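Novice: Predicted coordinates and the sequence they were generated for:
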Amino acid sequence: MERRGQKYHRERLGEALREEVETILEGELKDPRIGLVNVSRVQLAEDARSARIFVVPGGSEEEVERTLEGLAAAVGFIRHAIADRLHLRRAPELFFQLDRSPAHEARINELLNRVKKHSP
């Protein structure tokens, strides 16, 4: 069972990671493969040694794939910048993952709207 203080620390660190990664992605990466990207959430492991960064890139499927490739290539730079900014001895390993929840949400809303139109 995790102590409450550790859980609170991990939640704060996860939010700080989300904010810093989003800042870095908005203006500091010069990779042309990386387009417009929003960081939706960060899932930090219990030991804080790894973090899964959920991103919502804009564009077509091809642009999304290029963006994910660019993010994978920039992981070292991003980890180093995070360690400096958050004064971490060791930044967590970062794994970028496509967040499909906005697409699922849009599809659910579309289906709900269809049901509303057809119901009396």
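Specialist: Structure received.
Novice: so when I look at residue 12, I'm seeing a helix, right?
Specialist: Yes. Judged by DSSP: H, G, I helix; E, B strand; the rest coil, residue 12 forms part of a helix.
Novice: Quick check: which element contains residue 17?
Specialist: helix 4-27 (DSSP states H and E).
Novice: other SSEs contacting that helix?
Specialist: strand 37-44, strand 50-57, helix 75-85 (3 or more Cβ pairs under 8 Å, 6 or more residues apart in numbering; DSSP states H and E). C-beta coordinates here come from the backbone N, C-alpha and C atoms, glycine included.
Novice: Let me have those in CSV, adding distance to residue 92, mean neighbour count and mean pLDDT as columns.
Specialist: Rendered in CSV, the data for the helices and strands packed on helix 4-27 read as follows (distance: least, Cβ to Cβ, whole Å; neighbours: other Cβ atoms under 10 Å; pLDDT from 0 to 100):
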stretch, distance to residue 92, mean neighbour count, mean pLDDT
strand 37-44, 7, 18, 92
strand 50-57, 4, 19, 93
helix 75-85, 8, 15, 95
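Novice: wait, which of those is closest to residue 109?
Specialist: strand 50-57 (16.2 Å; Cβ to Cβ).
Novice: Neighbouring strands - and their directions - for the closest one?
Specialist: Next to strand 50-57 in the sheet, as set by DSSP bridges, lie strand 37-44 (antiparallel), strand 93-98 (parallel).
Novice: Those into JSON lines, with extra columns for distance to residue 112?
Specialist: Shown next, in JSON lines, are the strands paired with strand 50-57 (distance: least, Cβ to Cβ, whole Å):
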{"stretch": "strand 37-44", "distance to residue 112": "22"}
{"stretch": "strand 93-98", "distance to residue 112": "24"}
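Novice: re the thing from before, make CSV out of the helices and strands packed on helix 4-27 and add distance to residue 8.
Specialist: Converted to CSV, these look like this (distance: least, Cβ to Cβ, whole Å):
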stretch, distance to residue 8
strand 37-44, 12
strand 50-57, 17
helix 75-85, 20
